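Asks: fold the following for me, if possible:
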Amino acid sequence: MEKSRFLAAVMPRLTAIGALTILVAGCNSFALDDGIPNTAPAATVVSNAPPPPQGPLAKRDSGTYPTFDQTLKAANVQIGDDEAAGSEAALSALAAARANGTVTEAEYQRRLAELRRLAAEHAREAEAAIAN
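Replies: Have a look, this model is predicted:
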């Protein structure tokens with residue numbers, strides 16, 4: 001009985017001390033950068049360039065750059081839809097003939113070499129036309 005009276009008298013005090021400790025610890029923050037000053041370093045002048053003119057920035061109409069009102073032209077003549085469809089059909093037919101066995105491997109390789117030669121020749125012609 002004596003022990004329970006003692007605990008009843010001491011327990012609120014221990015609880016209050018524990019709560020006070022937690023409250024005091026919550027008010028104190030610790031950060032790793034507390035000892036580092038947050039001031040900016042001094043500015044260093046590296047050139048004697050004149051400062052930009054004071055005043056508001058305004059649109060400058062020089063009339064030389066950029067101009068977007070002209071119609072843009074391609075560097076070379078573009079392939080048309082009908083020409084692309086014809087080339088696609090020819091290549092698809094060649095691939096189908098090879099898959100079916102209608103065209104021999106030698107004939108396929110000959111046509112493939114011809115198309116690659118034509119592509120390389122066209123590329124050189126296009127680059128020459130663009131350069132001039």
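Asks: can you tell me the SS state at residue 115?
Replies: On the three-state scheme (DSSP: H, G, I helix; E, B strand; the rest coil), residue 115 is labelled helix.
Asks: nearest residue to it other than its sequence neighbours?
Replies: residue 91 (7.9 Å; CB to CB, 6 or more residues apart in numbering). Yep, even glycine has a C-beta here, placed from its N, CA and C like the rest.
Asks: that neighbour: neighbour count?
Replies: Per other CB atoms under 10 Å, the neighbour tally for residue 91 reads 13.
Asks: tell me the pLDDT of it.
Replies: pLDDT for residue 91: 84.
Asks: and what of residue 28?
Replies: 60.
Asks: can you check residue 110 too?
Replies: pLDDT at residue 110 comes out at 90.
Asks: what of the one 4 residues further on?
Replies: With respect to pLDDT, residue 114 has a value of 88.
Asks: could you measure it against residue 17, distance?
Replies: 97 Å (CB to CB, to the nearest Å).
Asks: quick one: low-confidence ranges for this structure?
Replies: In the predicted model of the chain, residues 26-35, 37, 63, 66-67, 76 satisfy pLDDT under 70.
Asks: as a check, name the ranges of all strands in it.
Replies: Shown for the chain, no strands are assigned by DSSP state E.
Asks: helices along that one, start to end?
Replies: Using DSSP state H, the helices found in the chain span residues 2-27, 81-100, 105-131.
Asks: chain center to the first one, what's the gap?
Replies: In other words, helix 2-27. 59 Å (CA atoms, centre = their mean, to the nearest Å).
Asks: hmm, back to that, of all the helices of the chain, which one is nearest residue 53?
Replies: helix 105-131 (42.1 Å; CB to CB).
Asks: just to revisit the earlier point, distance to residue 59 for the helices of the chain - can I get that in JSON lines?
Replies: Output for the helices of the chain, formatted as JSON lines (distance: least, CB to CB, whole Å):
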{"stretch": "helix 2-27", "distance to residue 59": "56"}
{"stretch": "helix 81-100", "distance to residue 59": "42"}
{"stretch": "helix 105-131", "distance to residue 59": "34"}
